[in-house]
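Undergrad: Could you look at this predicted model? Sequence included:
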Amino acid sequence: KKRGINYKNIYLAHSYERVTPGNNYLKSISNSHRVYSGINKISKNECKNFLKKFINYKKFPLTELNGTDDTELAKILENSFRTVNIAFIEEWRKFSEYLGLDLQKIIKSIRLRKTHSNIMMPGLGVGGYCLTKDPKFGELSSKKIFKKNFKFPLSNRALIINKQMLDSNKKKLLSYFSKNILPIKKVLIFGLSYKEDVDDMRFSPSLQLAKELSKKFKVFYFDPYQKNNIGNIKKISKLKKLREFDAIIFSVKHKDFKNITFKNIKIKQNAIVYDSNLVLTSKQINEFKYKKILFKKVGIN
């Protein structure tokens, strides 16, 4: 208005990304339901026509919302729901581990119900750039922009719980180390990215765990998506060296890890193998159980 520009001549639209980082990144751009809107009818139509050029909209119909505030709220609400879902399972992880129950198996049985198919699995922690910040947007925007004092207790508490996940896992791991017959000196971590099949390490719980453990132990990592040593955390490229490690931690569900056969790979006797993020398949777990090691996984004590 200050520059004398006619507001009606401005077209502005918003459609937040719904993509899956990793091997299916490009495919997920075209094959996902997209939400869009604009500041006026022309903006909405321009956005819709643009999206239809690369979205498989016949199979994944586009959803038009009333305005750009609606689409932005949809994005924040979507990520906040996922954050709360993760925190919810983290609460029950501690309880099930105390009782000696297999939470992974329990959740799989719950997921058979279509209404509960998206309940989360226990894991190491929350990383990336969306779930670690988006739940704060409601509270911050209400104060900074709208000058209101809306409360978001569930979203805020979920962020706190998720930040504590890594520390809880670390304490559990160190308790295994202290009770183990074999003194722990060298540790190997499978995966440093914040999620599977990407090289992105922003807010990566696996990387943070590696840094924490490197204060007490010699820490190495194996990750096909990373190339260099990271500080004093050294990269290994050959799995034949597994027998050199006193503890092996699986942290990231890289697709490459699913294809590893551990049956014929030598591992040090009385070593600890900990699956912190349900990375291993049932077949791989059975291969480990035939070895003289201490095998543990998240969600069961």
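TA: Yep, it's here. Numbering: from 1, shown residues only.

Undergrad: which of the residues in the longest helix along the chain are buried?
TA: In terms of residue count, the longest helix belonging to the chain (DSSP state H) is helix 68-99. By neighbour count with 16 or more other Cβ atoms under 10 Å, helix 68-99 contains the buried residues 68, 71-72, 74-76, 79-80, 82-84, 86-87, 89-90, 93, 96-97. C-beta coordinates here come from the backbone N, C-alpha and C atoms, glycine included.

Undergrad: Quick one: list the elements packing against it.
TA: strand 13-14, strand 35-38, helix 103-111, helix 137-144, helix 153-179 (3 or more Cβ pairs under 8 Å, 6 or more residues apart in numbering; DSSP states H and E).

Undergrad: can you put these in a markdown table and add mean pLDDT and mean neighbour count?
TA: A markdown table is the format used below for these (pLDDT from 0 to 100; neighbours: other Cβ atoms under 10 Å):
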| stretch | mean pLDDT | mean neighbour count |
| --- | --- | --- |
| strand 13-14 | 97 | 20 |
| strand 35-38 | 98 | 22 |
| helix 103-111 | 96 | 14 |
| helix 137-144 | 92 | 14 |
| helix 153-179 | 93 | 16 |
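
Undergrad: Of all the ones you listed, which one is nearest residue 55?
TA: strand 35-38 (9.8 Å; Cβ to Cβ).

Undergrad: about what we covered before: centre of the chain versus the longest helix of the chain, how much separation?
TA: Taking Cα atoms, centre = their mean, to the nearest Å, one finds helix 68-99 lying 12 Å from the centre of the chain it belongs to.

Undergrad: now do stretch 150-168
TA: With Cα atoms, centre = their mean as the basis, stretch 150-168 stands 15 Å off its chain's centre.

Undergrad: ditto for stretch 185-192
TA: Taking Cα atoms, centre = their mean, one finds stretch 185-192 lying 19 Å from the centre of the chain it belongs to.

Undergrad: list the buried ones in it?
TA: If you call a residue buried by 16+ other Cβ under 10 Å, then stretch 185-192 has these buried ones: 186, 187, 188, 189, 190, 191, 192.

Undergrad: Repeat that for stretch 128-138.
TA: By neighbour count with 16+ other Cβ under 10 Å, stretch 128-138 contains the buried residues 128, 130, 131, 132, 134, 135, 136, 137, 138.

Undergrad: Stretch 17-27 too?
TA: Buried residues in stretch 17-27 (16+ other Cβ under 10 Å): 18, 20, 21, 22.

Undergrad: returning to that earlier point: including distance to residue 49, could the helices and strands packed on helix 68-99 go into CSV?
TA: Putting the helices and strands packed on helix 68-99 into CSV (distance: least, Cβ to Cβ, whole Å) gives the following:
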stretch, distance to residue 49
strand 13-14, 10
strand 35-38, 11
helix 103-111, 38
helix 137-144, 29
helix 153-179, 35
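
Undergrad: need the buried residues of stretch 128-138 in a markdown table with distance to residue 214, can you?
TA: Listed next are the buried residues of stretch 128-138 as a markdown table, based on distance: Cβ to Cβ, whole Å:
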| residue | distance to residue 214 |
| --- | --- |
| 128 | 22 |
| 130 | 27 |
| 131 | 25 |
| 132 | 22 |
| 134 | 30 |
| 135 | 30 |
| 136 | 30 |
| 137 | 34 |
| 138 | 37 |
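
Undergrad: Identify, from the residues you listed, the entry nearest to residue 291.
TA: Nearest to residue 291, judged by Cβ to Cβ, of those is residue 128 at 33.7 Å.

Undergrad: Chain neighbours aside, what residue packs nearest to that closest one?
TA: Leaving aside its chain neighbours, residue 128 sits nearest to residue 194 (4.9 Å; criterion: Cβ to Cβ, 6 or more residues apart in numbering).

Undergrad: Report pLDDT for that neighbour.
TA: We have a pLDDT of 92 for residue 194.

Undergrad: gap between it and residue 133?
TA: Distance, residue 194 to residue 133, using Cβ to Cβ, to the nearest Å: 13 Å.

Undergrad: Check the secondary structure at residue 56 for me.
TA: Following DSSP: H, G, I helix; E, B strand; the rest coil, we place residue 56 in the coil state.
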